[in-house]
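Enquirer: Coordinates for the following, if possible.
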Amino acid sequence: MSSDVVKLYPPGGGSLKHNDLYLSQDLRSRVGSSDSSFVYANFIASLDGRIAVPESDREGLTLATQITNERDWRLFQELAVQSDVLITSGRYLREYEQGPKQELLQVYDDPKFKDLGRWRQDQGLNDYPAVAVISRSLDFDVPSPLQDPGRDLYVFTTENADDDRKKALADQGAEVIEAGEADVTGPKLIAGLQEFGHRLIYSTAGPHVFHLLLDGGVLDRLYLTIAHRILGGDPYASILEGALIDSPASFEIVSLFYDPEAPEGVGQFYATFDRMSVD
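Expert: Purely as a prediction, here's the structure:
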């Protein structure tokens, strides 16, 4: 997985090695003062903007395996390894014990990512990022990898969530935090993570959490892989789901690379966008 990608933006062209493409960005340098944070999210989408397709039984949606690929997954992990905390969803933890479709909690045990585990240790960071889960229902248990004393798990929920479930998760080692009355809000989520010293925050969750971060004005950067395939399918699943955003979120491009190798030689773009500040 060491073949080159082509730099399309900024202008100037040239090629770079695929591995370490995102690791070399040194995201920790993006965090400013001690009370600030840098929040980023990542998606892979098809040319028609789809991130998921209907399950074979038509009940719910699943990862679009027509576009997911190892080269994009490597860069996903280069973003994850730099973070203080990963944001995920209750759905991911519910499905984890049945066998995760994408491994987030023990990924450095995979020989393919041993170098990233070593990189994290060399930086003086904990072996793994902390995990933050957003859930109103709290209908999951803490997976065994997160019950290790060396792992930090935060569960962000609402004030009216079930008290018995809050206690059950706390008894399993989670730090349960109320971050909104009817829904978890972006500002309260990020403020809560900052209180625990987490400043580099990576959202690995889906389109509803992405909406929460955008609508709350706390997202700083979007990484978007665009695989050169058109999928179709109903219902439509894009990177953002939820109500119309009152003020459209504007972004400026930071970088754009072309990877000719994946998926299956079709090709894909790696695009990075920073949210523009609103005066």
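Enquirer: Strands of the protein, start to end?
Expert: Here the chain has its strands, by DSSP state E, at 4-9, 15-17, 38-45, 52-54, 61-63, 85-89, 130-134, 153-157, 175-178, 200-203, 221-227, 251-259, 268-275.
Enquirer: Turn these into TSV, columns for mean neighbour count, mean pLDDT and distance to Leu213.
Expert: All C-beta atoms are positioned from the backbone trio N, CA, C, and that covers glycine. Formatted as TSV, the strands of the chain follow (neighbours: other Cβ atoms under 10 Å; pLDDT from 0 to 100; distance: least, Cβ to Cβ, whole Å):
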stretch	mean neighbour count	mean pLDDT	distance to Leu213
strand 4-9	16	96	24
strand 15-17	12	94	29
strand 38-45	22	98	6
strand 52-54	18	88	19
strand 61-63	14	84	20
strand 85-89	22	96	8
strand 130-134	24	97	10
strand 153-157	24	97	12
strand 175-178	18	97	16
strand 200-203	25	98	6
strand 221-227	21	98	10
strand 251-259	16	97	13
strand 268-275	19	98	10
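Enquirer: Reformat those strands as a markdown table; add distance to Leu23.
Expert: A markdown table is the format used below for those (distance: least, Cβ to Cβ, whole Å):
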| stretch | distance to Leu23 |
| --- | --- |
| strand 4-9 | 14 |
| strand 15-17 | 11 |
| strand 38-45 | 14 |
| strand 52-54 | 27 |
| strand 61-63 | 24 |
| strand 85-89 | 16 |
| strand 130-134 | 20 |
| strand 153-157 | 25 |
| strand 175-178 | 29 |
| strand 200-203 | 13 |
| strand 221-227 | 13 |
| strand 251-259 | 14 |
| strand 268-275 | 13 |
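Enquirer: Which of those strands sits closest to Asp122?
Expert: Asp122 sits nearest to strand 200-203 of all the strands of the chain, at 16.2 Å, using Cβ to Cβ.
Enquirer: Low-confidence bits of this structure, can you list those?
Expert: Residue ranges of the chain with pLDDT under 70: 1-2, 33-34, 57-59, 278-279.
Enquirer: For it, which segments are assigned as helices?
Expert: 70-81, 90-96, 114-122, 163-171, 186-195, 207-215 (DSSP state H).
Enquirer: Make TSV from these and add mean neighbour count to it.
Expert: TSV is the format used below for the helices of the chain (neighbours: other Cβ atoms under 10 Å):
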stretch	mean neighbour count
helix 70-81	20
helix 90-96	19
helix 114-122	15
helix 163-171	14
helix 186-195	18
helix 207-215	20
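Enquirer: Select, out of these, the one closest to Ala227.
Expert: Closest among these, using Cβ to Cβ: helix 70-81, at 7.7 Å.
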